[in-house]
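In: prediction below, plus the sequence it came from.
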Amino acid sequence: MYTWAVHFFLLLFLPPFFLGVIAKTKACFAGRKGPPLFQVYYDLYKLWSKGVVYSRSASYVLRMAAPIIFSVILLGGLLVPVVGASPIHFEGDFILLAYLFGVGRFFTILAAMDVGSSFEGMGAAREATFAALTELAFFLIVVSLVAMTHSTSLSGMLAWAKNHFLWAPAYLILAGAFFLILLTENSRMPIDDPTTHLELTMIHEVMILDYSGPDLGLILHGAAMKLFLFIALLTSLFWPPTETSFWLALGSSVLKMTGVAILIGVVESANARLRLIKIPQLLIANFVATAFALVIILMGKG
Amino acid sequence: MAAVLVSLLKNQDAKRRCCCGGVFVGSVLGLIPSIQVLASGRSLAQNFGAPIPSLNISLGVDPLSAFFLIAIFVLSGVIALYSLGYLKGQNTLFGSLPFFPLLILAMAAVVMARDGFFFLICWEVMSLASFFLVTSEHEIREVRHAGWIYLIATHLATALLMAFFVLLFKQVGSFSFYDFASFGALSPRLAGVLFLLAVVGFGTKAGIFPFHVWLPHAHPAAPSYISALMSAVMIKTGIYGILRALTFLGAPPLWWGEVLLGLGILSSVLGALYALVQKDLKKLLAYSSVENIGIIVMGIGLGLIGVTRQESITTLLGFGGALLHVWNHALLKGGLFLGAGIIVHVTHTRILERMGGLIKIIPTTGGLFIFAALGIVGLPPLNGFISEWLLYQGLFHGIQSFTGFSIFLSIAGIVGIALTGGLILAAFTKVIGVALLGEPRDQTLYERKKSSWTHTFPLIGLAAISLSIAIFPQAVWPWIIATLQPYHAFILPDPTANIFLSLRFIGSLGFILLIFCAGLILLHRFRIVKLGEKQSVTWDCGYRAPSPRMQYSASSFAESLAVIFRGLLKLDWNIKKPTALFPATAQFSEYSEDRAEANLFRPLFASVANLFAMTRKVQPTRIQWHLGLIFMVLLLLFFWEVWFGI
């Protein structure tokens, strides 16, 4: 029961911290001091106490979208193993996880279309496009992991990875591919710019232009949580904690996750955003790389 | 069962109320024995006397029939309620109305027929009844064209099915389904030929790619309540046909399953892709049916591979996913077409680019449409997700236990459903975003009608059934096992406790999600009411005078995905670029065509037409010559029969 509580607590309160870490890293690279580490928490608090402005064009879809998006991500979080097994796990839970994120995307897109701005429609169309492509790579990675671990639940894969700590090439390719999916799904740098909506390549930020107040807070918190879940998946599937004590494992996991967040910051500082035309190519290349890894795994099995 | 038939037949002549009421009563009456059969696992059979020699009206309901009967009766009952309101004042549709109960009767009879000859008759009645319903508005040229395509497709399919049953009859010596099923000695080659005949024949009705070409023409042409009926249940008789045919053909070799799995992947991905680029609301829904049939066929293929390898879990997951998806698709697509009917009713157009902002005029219907779309995209917590989840699980099991080419197909299947999911999500967010949300693009179109009670109530009913399947999938599961067990005895009642448990988890997680969402929305509302809510224009990013025409349109939404797959879509542009310093006109239009239609069927039929044109040249002009020719052909056939047998 108390791991449940810890899991829930981590899920709600840890995610904004990693956004802070990424921002600090980027500031470091740019030679700035940067916002404080806990800036996102202040932002969330501020948004939670502000009033709301809705577009006159918007219907009830926009008004309901933010809570729905937040709750599907939170429920998805219960399926992700952060430290050790997740609170809820069963065969095929990752399918539910992927599709829960799909629900979030569905409503993000709808809410963006709801205000009737061509600008947000553009972002929505791009989101739908890139999501369709990342989903392919995501499921292929899962296929590879299933073929390797003979388990069809995330926690089962984690348990397997714990006992088979390995540096096989296929494993590394998968980890790399997953990292790219993480960047795409969370609209990070080479694909999308999370800090601006004023360029023609933005995707996620432009879709949320018409949220304000607590709505925007929920969206921001949800996005932070989604990033956190992806980071947690990356660390627990590809570099699971081996410590036996729960608190030690928790500590090492958080350290690794901070490492991944710093890595994201580095990638964001070192890379320019790609041209829009190049993004599908990158995503398809990612898919092909994963297919290679899968071939290696299947051949290795004989 | 007889009560159903009588009540349906008796009302054929009558008016709207009588017709629709009759269908409703008949459906409710029919539902009771169907559920009984499925719950008890007992089969019913009834033999009627033969009014014509060699015609044996033999009816029976076994679990497989009952499973499809339930879908037919639930949907036709709901649609009858809907059409009660829909047909009010639609005088052009009255001419074809008697065919509505006839179609339902024929569908029920197709599923219950236990005799090959009788089956074909019912099948033909079903096809013709639906043809007359499709061409209800035959004053419109497009509708006549669609009806024509449908008629040709359905008859080609029937011809193949005749060949199928005649070949079986030649082997078995009887038309009875029971004899077909118990006859075990088909040669593998003949069984293979029969299998292909069944797949193409039944697959045409079901709308499997590339035999689906009639579907995107016929569904938009038909009145909405008929498109709902056809898409939700009539195409499922094709699926029933494939499943039934499989029980005649003995133990399946591996390639059958692989063929079906491959066809399923093809249908689902291409169906979703074509759906994405459509600009016609009902055409888009029709292509989405192709996609869903693809998913069902994938499940059947996977199940067959499982049967070959005697793996009960894979079989159960494959067939189970397919069967459950039959129900789910019927419920959801029925709802979507009925919703589309209301949308067309309000806007008098099917073209997405002219709609917009409808959700403010018809909020309830709009909400229910979004609900059904969420389900058909396969997202939790709705029932569409449950069946896709079963199929995913089956394919993942396949990866662990299959070998060789089947592994490759399972991986392709997983990637295929994932891609389908992404594409269909884009397609349906496009429909909703363009038609229901945003600002109206063409104010002149809209009549401010309130959708009546009979309009929305059926939609609410369908949504409620969908939701209950989604939350209690474990309740439906034993029924699926009961449906499958008579045919694949190695599936034990509960060999898959794990799957069962997972289903329960998913169901209750869906329920938690709903509660949680509702709670959060309420909490949020309270908070916002307390903080204050203001209204303003959409953040306009530098535009001073935003106009509804500047909104993202259906084609621009699909553009970025369509361009990636333009090779498959046969996408074409027509651009007139602005020229000179003060450009006067500029134009851009985009269109796409169905590959199967453009590259397979059109050349095929063109060459057939050429051939016939050639024979017309040598055709004699005098009637005596015609008679002489017919006589000679008969003579030839007679000698053929004498010397060679058929």
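Out: Done, it's in. Quantities reported herein were computed from a predicted structural model and do not represent experimental measurements.

In: can you tell me the closest non-neighbouring residue to the residue of the stretch 101-250 of chain B found nearest chain A?
Out: Among all residues of the stretch 101-250 of chain B, B:Phe209 sits closest to chain A, at 18.8 Å; criterion: CB to the nearest CB. All C-beta spots, glycine's among them, are computed from the backbone N, C-alpha and C. Once flanking residues are discounted, B:Phe209 sits nearest to B:Ser267: 3.8 Å by CB to CB, 6 or more residues apart in numbering or on different chains.

In: who's in contact with the most centrally placed residue in chain A?
Out: Closest to where the C-alpha atoms of chain A average out (CA atoms, centre = their mean) is A:Leu227, at 3.4 Å. Contacts for A:Leu227 (CB atoms under 8 Å, 6 or more residues apart in numbering or on different chains) come out as A:Pro15, A:Phe18, A:Leu19, A:Leu182, A:Asn186.

In: dump these to CSV, plus distance to B:Ile296 and neighbour count.
Out: Shown next, in CSV, are these (distance: CB to CB, whole Å; neighbours: other CB atoms under 10 Å in any protein chain shown):
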residue, distance to B:Ile296, neighbour count
A:Pro15, 40, 24
A:Phe18, 42, 24
A:Leu19, 43, 24
A:Leu182, 34, 20
A:Asn186, 35, 20
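
In: among those residues, which ones are in helices?
Out: A:Pro15, A:Phe18, A:Leu19, A:Leu182 (DSSP state H).

In: tell me the pLDDT at the first one?
Out: Right, A:Pro15. Here the pLDDT value assigned to A:Pro15 is 92.

In: do whichever strand or helix holds B:Val326 and chain A meet at all?
Out: Counting by DSSP states H and E, the element that carries B:Val326 is helix B:312-347. No. Helix B:312-347 stays clear of chain A (CB under 8 Å from any CB of the partner chain), getting no nearer than 10.0 Å.

In: what's the first helix or strand after that helix?
Out: By DSSP H and E, the next helix or strand past helix B:312-347 is helix B:363-376.

In: so for the helix or strand following that following helix, what gets flagged as buried?
Out: Downstream of helix B:363-376, the first helix or strand assigned by DSSP H and E is helix B:383-401. Of the residues in helix B:383-401, those with enough neighbours to count as buried (16 or more other CB atoms under 10 Å in any protein chain shown) are B:383-399, B:401.

In: ok, now stretch B:604-614?
Out: Of the residues in stretch B:604-614, none is buried (16+ other CB under 10 Å).

In: tell me how far that stretch is from the chain's mean position?
Out: Centroid displacement of stretch B:604-614 relative to its chain, using CA atoms, centre = their mean, to the nearest Å, is 31 Å.

In: CA atoms only for it - export them in PDB, please.
Out: Provided in PDB are the C-alpha atoms of stretch B:604-614 (Å, rounded to 0.1, in the frame of the first residue of the first chain):
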ATOM      1  CA  LEU B 604     -10.100  -5.000 -65.700                       C
ATOM      2  CA  PHE B 605     -13.600  -3.800 -66.600                       C
ATOM      3  CA  ALA B 606     -12.300  -1.800 -69.400                       C
ATOM      4  CA  SER B 607     -10.700  -4.900 -71.000                       C
ATOM      5  CA  VAL B 608     -13.900  -6.900 -70.400                       C
ATOM      6  CA  ALA B 609     -15.900  -4.100 -72.100                       C
ATOM      7  CA  ASN B 610     -13.400  -4.300 -75.000                       C
ATOM      8  CA  LEU B 611     -13.900  -8.000 -75.300                       C
ATOM      9  CA  PHE B 612     -17.600  -7.600 -75.300                       C
ATOM     10  CA  ALA B 613     -17.400  -4.900 -77.900                       C
ATOM     11  CA  MET B 614     -15.500  -7.300 -80.100                       C
END
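
In: so for it, mean pLDDT?
Out: So the average pLDDT for stretch B:604-614 ends up being 81.

In: repeat for stretch A:290-302
Out: 82.

In: close to chain B, is it?
Out: Yes. Using CB under 8 Å from any CB, stretch A:290-302 reaches chain B at A:Leu294, A:Leu298.

In: from the chain's centre, how far out does that stretch sit?
Out: Worked out by CA atoms, centre = their mean, stretch A:290-302 lies 26 Å from the chain centre.

In: and what of stretch B:421-436?
Out: Averaged C-alpha coordinates place stretch B:421-436 at 18 Å from its chain's average position (CA atoms, centre = their mean).

In: sorry, back to before: so after the helix or strand containing the residue nearest to the centre of chain A, what's the next helix or strand?
Out: Taking DSSP H and E as the criterion, A:Leu227 maps to helix A:213-238. Using DSSP H and E, the helix or strand that follows helix A:213-238 towards the C-terminus is helix A:246-270.

In: which residues sit against that following helix?
Out: With CB under 8 Å, 6+ apart as the criterion, helix A:246-270 contacts A:3, A:6, A:14, A:18, A:21-26, A:28-30, A:82-84, A:179, A:182-183, A:188-190, A:228, A:231-232, A:234-236, A:239, A:241-243.

In: and the following helix or strand past that helix, what's buried?
Out: Downstream of helix A:246-270, the next assigned helix or strand under DSSP H and E is helix A:278-301. Of the residues in helix A:278-301, A:279-280, A:282-283, A:286-287, A:289-294, A:296-298 count as buried by neighbour count, 16+ other CB under 10 Å.

In: next, give phi and psi for the closest residue to B:Phe177 other than its chain neighbours.
Out: Nearest residue to B:Phe177, sequence neighbours excluded (CB to CB, 6+ apart): B:Arg114, at 4.6 Å. Phi and psi for B:Arg114, reported as degrees, to the nearest 10, are phi -120, psi 20.

In: same check, this time on B:Pro440
Out: phi -60, psi 130.

In: for it, give me its contacts.
Out: B:Met355, B:Gly356, B:Gly357, B:Leu358, B:Tyr446, B:Pro548.

In: list just the nearest of those residues to B:Leu84.
Out: B:Leu358 (23.0 Å; CB to CB).

In: wait, isn't that closest one in contact with B:Val434?
Out: No. Assessed by CB atoms under 8 Å, B:Leu358 is found out of contact with B:Val434, at 9.8 Å.

In: so for the host helix or strand of B:Gly567, mean pLDDT?
Out: Using DSSP H and E, B:Gly567 sits in helix B:566-569. For helix B:566-569, the per-residue pLDDT values average out at 75.
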